[in-house]
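Undergrad: starting from these lines, generate the structure:
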Amino acid sequence: MPADGSPLDAFPASARAPDAALHQHEMLAAFAELAILSEDIDRLLQEACDYVRRAVGADIVLLYRQTPDGRSVEVRAGAGIAPTLIGARLTRRNDQSLESRLLRDGEPVIVPDARDEPRLETRGLLRSFEQRGLALIPLRDGPGTPMLGLLHISTRESRDFSAEFAFLRIYASLVAASMLRIEALRRRQDERAARERSEWQLRLVLEGIPQLVWCAEPGAQWRWMGPQWTEVTGRDPDSSLGRGWLEAVHPDDAAAVEQAWGSAEARGIFEVECRIWHQHDGRYRWYQGRALPTASTLGDQTWVGTFTDVEDLRALEARQAVLVAELQHRTRNLLAVVEGIAVQTMAATESLDAFAASFHDRLQALARAQQLLAGASGEAITIRQLLETERDALGMARGDALIALNGPDVLLPSTMVQTLALVIHELGTNSRKYGVIARGEGRIAIDWRVSGSGAGRALDLDWVETGDFAAPAAGQRRGFGRELIERALPFQLGASSDYSITAGAVRCRLHVPLDAAT
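TA: Below you'll find the model as predicted:
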């Protein structure tokens, strides 16, 4: 509509010069060809401004894009202006202005002289650019379609664009249609790129995780499996589809797999542990299978699951069970030893104070043996380590002339350590009370060797203590040490012993089978 409200058809057609109309049609055809081929919206909009400027002989052409809130427009392209103005935003403040009516109702605005039209909200802007003639054409792809923005055409001189209205309307519709086409194309490209990126990320996850990933229909009918399945089992995907994958399952576990599938629908989960052929190891390995049902877009049920290698975990669990059983066995034995020490110490002492001192010393010897076992980290302990530990506990410096150790490195079974530790402790304690260590003179020679071979190997250990000390009194009560050597050793370790105490000499010979672990 013209600014004065009169219909555009009131302007006579004779006002349109035939050569100008032909030029405009040629420009329209050229732009249409460009618009069909273009995929760059910024270039398209800039070309749209250039084409219409040449077609109607305008000084300035701007293409505004309406913002989502409908209150502002942004300059997306322009001809006849400085490039720095591209991106500027104008916000309408007067809902009664001609610009507001255009953006609200889609009514075009034609103003021959902007100085005479007070309803123009951008009149000050036009004045700053020395523009007078003005046409504002809505950008929409036909009646009733969304408003995209507007096309601004202006001249320095006063000008009535009514004669070009039909051309400008068609041109604006073509620009709008091209904008929608390119934006739709860009959305499709973005969606495709996003889908490809999502598929790439999913493929990266599926191919990167160590689990064997698969999906199946009810009844264990596999419809897809990840590349890990082929890599692990050596079976090609086609032969593993349907129920073909079961060929890789250990025959002894097939029934468990079938039973798990049979109960999966009722339980809502498929769970099983079975052995699956591993081509790299050349044997079956244990795997844990788990799957959950999910409804597809077609309405049928699909099970998505994994098989996780648990071979090493099962081996660790088995080893842990052995260690726990061994710990329980050692604990029971240790408690029995402590109980025996308490009973024998109580029988051999005449007062509570004497019992406490002896019991404490023997428990400390037992604790030292346990510390040796704990610090060995699974490695065997040698008889020399055990002897040196007890020697140091007696307060004797290493290399002291009173005690001499001589023998090879003999590894002791762990079940033998605490009993031998108590025996050596008793021999050392007796010397500290009555013998060489108590008097600070004499000699203790501890020699050992291995006799026999194979299952008959045994440790032969001699404790020979010589010095100036008296023989035990006749009828003296048998001590805990002697009970341990002569009775406990044969019972616990299958050992034999020869123990004698005379004036100036203590001799103890032990013969302990090295494979007698109890």
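Undergrad: what's near enough to touch Glu271?
TA: 260, 288-290 (CB atoms under 8 Å, 6 or more residues apart in numbering). (Each C-beta comes from the backbone N, C-alpha and C, glycine too.)
Undergrad: identify the bridge partners of it.
TA: With DSSP bridges applied, Glu271 shows beta-bridge pairing to Arg290.
Undergrad: farthest pair within the contacts of Glu271?
TA: Taking CB to CB, the two most distant members of the contacts of Glu271 are Ala260 and Gln288; they sit 11.1 Å apart.
Undergrad: hey, what's in contact with both of those two?
TA: Common contact partners of Ala260 and Gln288 (CB under 8 Å, 6+ apart): 271-272.
Undergrad: contacts for stretch 43-54 next, please.
TA: With CB under 8 Å, 6+ apart, stretch 43-54 has contacts from 27, 30-31, 34-35, 38, 58-63, 76-80, 151, 153, 168, 171, 175, 178-179, 182.
Undergrad: now the residues you listed: which count as buried?
TA: Buried subset of these (neighbour count, 16 or more other CB atoms under 10 Å): 27, 31, 35, 38, 58-63, 76-80, 151, 153, 168, 171, 175, 178-179, 182.
Undergrad: out of those residues, which are inside helices?
TA: Judged by DSSP state H, helices contain the following of these: 27, 31, 35, 168, 171, 175, 178-179, 182.
Undergrad: center of this protein - which residue?
TA: With distances taken as CA atoms, centre = their mean, the residue of the chain nearest its centroid is Ile209 (9.7 Å).
Undergrad: circling back to that earlier point, from the contacts of Glu271, which would you call buried?
TA: Among the contacts of Glu271, those scoring as buried are 260, 288-289 (criterion: 16+ other CB under 10 Å).
Undergrad: chain center to stretch 507-518, what's the gap?
TA: 54 Å (CA atoms, centre = their mean, to the nearest Å).
Undergrad: meant to ask about stretch 506-518, not that
TA: The answer for stretch 506-518 is 55 Å, by CA atoms, centre = their mean.
Undergrad: ok, stretch 227-246 next?
TA: The chain centre lies 26 Å from the centre of stretch 227-246; the measure is CA atoms, centre = their mean.
Undergrad: for stretch 313-323, same thing?
TA: Chain-centre distance of stretch 313-323: 25 Å, with CA atoms, centre = their mean.
Undergrad: low-confidence stretches in the stretch 351-500 of the chain?
TA: Within the stretch 351-500 of the chain, the stretches with pLDDT under 70 are 366, 369, 372-379, 396-400, 473-481.
Undergrad: in three-state terms, label the closest residue to Ala503 other than its chain neighbours for me.
TA: Spatial nearest neighbour of Ala503, excluding adjacent residues (CB to CB, 6 or more residues apart in numbering): Ala471 at 4.1 Å. Taking DSSP: H, G, I helix; E, B strand; the rest coil as the rule, one finds Ala471 in the coil state.
Undergrad: contacts only, for Ala471.
TA: Ala471 is in contact with 501-503, counting by CB under 8 Å, 6+ apart.
Undergrad: can you put those residues in CSV and add pLDDT, secondary structure and distance to Thr84?
TA: Below are those laid out as CSV (pLDDT from 0 to 100; DSSP: H, G, I helix; E, B strand; the rest coil; distance: CB to CB, whole Å):
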residue, pLDDT, secondary structure, distance to Thr84
Ile501, 86, strand, 113
Thr502, 87, strand, 118
Ala503, 86, coil, 119
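Undergrad: neighbour count added to those residues, as JSON lines?
TA: Shown next, in JSON lines, are those (neighbours: other CB atoms under 10 Å):
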{"residue": "Ile501", "neighbour count": "18"}
{"residue": "Thr502", "neighbour count": "11"}
{"residue": "Ala503", "neighbour count": "9"}
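Undergrad: just put these in JSON lines and tack on distance to Thr67.
TA: Converted to JSON lines, the contacts of Ala471 look like this (distance: CB to CB, whole Å):
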{"residue": "Ile501", "distance to Thr67": "110"}
{"residue": "Thr502", "distance to Thr67": "114"}
{"residue": "Ala503", "distance to Thr67": "116"}
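Undergrad: which of those residues lies closest to Leu510?
TA: Of the contacts of Ala471, the one sitting nearest to Leu510 (CB to CB) turns out to be Ile501, at 15.4 Å.
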